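**Q** can't give you the sequence, but here's the structure:
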């Protein structure tokens, strides 16, 4: 279904998948889903999307915003996607 798009030469055959971690001293039982799923989505966007273009932030934000809306419609709380740092 998906094709791995790694930028590291000669490593594609050794990678089975990817892992997104949530590490935050500000996360708790009430907020971890809100933070985890949008971050996992952005990690997987980078790892699995063969057509992703680094630097084309508008397209990435549009896709991730739609994913956040999809998660919310399915009852999974997701934080809004932003491009601000801090």
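**A** Noted; the coordinates are in hand. These numbers come from a predicted model, not from an experiment.
**Q** CA atoms for contacts and neighbours, from now on please.
**A** Noted.
**Q** Surely residue 18 and residue 44 touch.
**A** Yes - under the criterion of Cα atoms under 8 Å, residue 18 makes contact with residue 44 at 7.5 Å.
**Q** Between the two, point out the one with more neighbours.
**A** Taking neighbours as other Cα atoms under 10 Å, residue 18 and residue 44 compare with residue 44 leading, 15 against 11.
**Q** ok, then the element right after the lowest-mean-pLDDT helix or strand in the chain?
**A** Ranked by mean pLDDT, DSSP states H and E, the weakest helix or strand in the chain is helix 32-48, scoring a mean of 82. Next in sequence after helix 32-48, counting helices and strands by DSSP states H and E, comes helix 57-73.
**Q** which stretches of the chain aren't confidently modelled?
**A** Within the chain, the set of residues satisfying pLDDT under 70 comprises 1-16, 50, 52-55, 83-86.
**Q** Centroid-nearest residue for it?
**A** residue 42 (1.7 Å; Cα atoms, centre = their mean).
**Q** Would you mind measuring from that one to residue 17?
**A** Using Cα to Cα, to the nearest Å, one obtains 15 Å as the distance from residue 42 to residue 17.
**Q** picking that back up, my guess is the residue nearest to the centre of the chain contacts residue 63. True?
**A** No - if you go by Cα under 8 Å, residue 42 and residue 63 don't touch, sitting 9.4 Å apart.
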